[in-house]
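Colleague: The following comprises the amino acid sequence and a computationally predicted model.
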Amino acid sequence: MSEGVKIIAQNRKARHDYSIDENYECGIELLGTEVKSFRDGKISFPDAWAEVINGEIWLRSLVVAENPFSSIFNHEPDRKKRLLLHKEEIKRIHRKVEEKGYTLIPLSFYFKKSRVKVELGLCKGKKAYDKRAGIREKDLKREIAREFRNRIN
């Protein structure tokens with residue numbers, strides 16, 4: 001991420017459970033009270049996903065906590081939110097999602113120039129043996145780095 005970017009939340013579980021083929025930066029259509037909750041970091045999205053409906057991408061299962069300081073004009077915590085992308089990107093994503101096994105997962109939420117952005121990943125689910133291989137690879141890299149540091153000293 002570049003300068004002027006403040007990370008709100010990241011989905012580490014998604015990076016473990018899915019292999020990410022492509023990343024997209026999207027805007028998100030929010031209400032005023034939702035933006036306040038984003039600024040406070042009061043969001044939850046462990047099972048969030050996106051779908052293409054009528055040429056628009058909608059984010060589901062993202063829970064944005066209600067703001068305690070707004071009265072009757074509060075938002076619904078679990079309403080679906082529209083993601084903002086170019087038409088060509090939406091068409092390309094729609095073709096990919098129609099293929100077997102692909103899904104759209106939000107990887108992170110961040111502020112970029114005072115606007116909330118979503119890093120959306122085009123993902124394919126990993127099998128259990130793929131996850132074990134990834135863990136084994138991380139352990140090997142960590143062990144090699146540890147030995148390298150010990151030999152330098």
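Modeller: Cool, the structure landed.
Colleague: Do you know the pLDDT at Ser2?
Modeller: For Ser2, the pLDDT comes out at 63.
Colleague: same deal with the one 3 residues further on?
Modeller: pLDDT recorded at Val5 is 88.
Colleague: Next one: it relative to Ser108, how far apart?
Modeller: 10 Å (Cβ to Cβ, to the nearest Å). No exception for glycine: its C-beta is placed from N, CA and C like everyone else's.
Colleague: where do the helices sit along the chain?
Modeller: 12-17, 32-40, 87-98, 128-152 (DSSP state H).
Colleague: Could I get those helices in TSV, plus columns for mean pLDDT and distance to Lys80?
Modeller: Shown next, in TSV, are the helices of the chain (pLDDT from 0 to 100; distance: least, Cβ to Cβ, whole Å):
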stretch	mean pLDDT	distance to Lys80
helix 12-17	84	19
helix 32-40	85	12
helix 87-98	92	16
helix 128-152	85	29
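Colleague: Which residue of Val5 and Ser108 possesses the greater neighbour count?
Modeller: Taking other Cβ atoms under 10 Å, Val5 and Ser108 do not tie; Ser108 has more neighbours (21 against 11).
Colleague: For that one, which residues are in contact?
Modeller: Ile7, Ile8, Ala9, Gln10, Asn11, Val118, Glu119 (Cβ atoms under 8 Å, 6 or more residues apart in numbering).
Colleague: for Ile28, same thing?
Modeller: Contacts of Ile28 (Cβ under 8 Å, 6+ apart): Leu59, Lys81, Arg82, Leu83, Leu84, Phe109, Val116, Lys117, Val118.
Colleague: first to last residue in stretch 70-80, what's the distance?
Modeller: 20 Å (Cα to Cα, to the nearest Å).
Colleague: For that stretch, which outside residues touch it?
Modeller: Contacts for stretch 70-80 (Cβ under 8 Å, 6+ apart): 31, 33-34, 36, 58-67.
Colleague: Try it again at 10 Å.
Modeller: Surrounding stretch 70-80, the residues in contact under the criterion Cβ atoms under 10 Å, 6 or more residues apart in numbering are 30-37, 42-44, 50-51, 53, 58-68, 81.
Colleague: Pull out the buried residues from those residues.
Modeller: In terms of neighbour count (16 or more other Cβ atoms under 10 Å), the buried residues within these are 30-31, 33-37, 42-43, 50, 58-60, 62-65, 67, 81.
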